[in-house]
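What follows is a predicted protein model with its sequence.
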Amino acid sequence: MSLRVREFVCKLPREHANTRTREHANTRTNTLIRNFKRVAVLVVYNVYKVMKKGGCYTRQEIRELVGGGSVHDYLPHEKGRVLCACLSQEYFAGERMVILVGSGPGVQAEAEIFCAQGTAVPVFFKKAGHLWEYAGMYKKESFSDDPEVITEYEKSSGRMNLTGVIFLKDAGI
């Protein structure tokens, strides 16, 4: 840890009014240093393990790279933000990049969060075994809950429980 970082961490407890004793301050400093080291290790890990188009990752690796979320959600999210999209090509319909939104309450909530945030997220497609292939950064182009559009995508994908379609565009990142 650099001297600059150590000084910053060590100054924190002195600035807090609720530190009553020097022992408490030392304990707090040690805890802050331990937590800082965990964050620093994660940042260094993310810098050296950059996602590459066509690269395959496990859901746990994806979770670590994007900074959280569930390994079971199709749109892992944390603190009100969708972090990435993990999609199955089994139901991929047509040449356009889309997310087919199902009827479950959690599924619809995740789709609403993604549509509202408006930022690009990494998109992964399910491959053999437990691997997911990175396809690039995409953001919402539009959303449709039009019955005609839903019927068209239900026919082409073979799914019958759709409530909407999110059209994606390449973010060029």
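On my side now, so go ahead. Residues are numbered from 1 along each chain as shown.

which ones are touching the closest residue to Ala135 other than its chain neighbours?
Nearest residue to Ala135, sequence neighbours excluded (C-beta to C-beta, 6 or more residues apart in numbering): Val123, at 4.6 Å. Glycine gets a C-beta too; all of them are placed from N, C-alpha and C. Counting by C-beta atoms under 8 Å, 6 or more residues apart in numbering, Val123 touches Cys84, Ala85, Leu87, Met97, Tyr134, Ala135, Gly136, Met137, Tyr138, Leu168.

Can you give me the buried ones in the lengthiest strand in the chain?
Taking DSSP state E as the criterion, the chain has its longest strand at strand 132-144. Neighbour counts over strand 132-144 (16 or more other C-beta atoms under 10 Å) mark Trp132, Glu133, Tyr134, Ala135, Gly136, Met137, Tyr138, Lys139, Lys140, Phe143, Ser144 as buried.

export the next helix or strand after it as CSV, just CAs?
Elements were assigned by DSSP states H and E; along the chain past strand 132-144, the next helix or strand is helix 147-157. Output of helix 147-157 as CSV, limited to C-alpha atoms (Å, rounded to 0.1, in the frame of the first residue of the first chain):
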residue,chain,number,x,y,z
PRO,A,147,-49.3,-7.3,-28.8
GLU,A,148,-48.4,-7.6,-32.5
VAL,A,149,-44.7,-7.3,-31.8
ILE,A,150,-44.9,-9.7,-28.9
THR,A,151,-46.8,-12.2,-31.0
GLU,A,152,-44.2,-12.0,-33.7
TYR,A,153,-41.4,-12.7,-31.3
GLU,A,154,-43.3,-15.4,-29.5
LYS,A,155,-43.7,-17.2,-32.9
SER,A,156,-40.0,-16.8,-33.9
SER,A,157,-38.6,-17.7,-30.5
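
Just list what helix 147-157 packs against, helices and strands only.
strand 98-101, strand 164-170 (3 or more C-beta pairs under 8 Å, 6 or more residues apart in numbering; DSSP states H and E).

Between strand 164-170 and that helix, find me the angle.
Relative orientation of helix 147-157 versus strand 164-170 (axes from the mean of the first three to the mean of the last three C-alpha atoms, to 10 degrees): 70 degrees.

Quick check: which element contains the residue nearest to Ala135?
Going by DSSP H and E, Val123 is in strand 121-126.

That strand - what's its average pLDDT?
In this model, strand 121-126 carries a mean pLDDT of 91.

Report the buried residues of stretch 72-92.
Going by 16+ other C-beta under 10 Å, stretch 72-92 has these buried residues: 73-77, 81-87, 91-92.

lowest average confidence, helix or strand, in the chain?
Sorting the helices and strands of the chain by mean pLDDT, DSSP states H and E puts helix 3-15 at the bottom, at a mean of 39.
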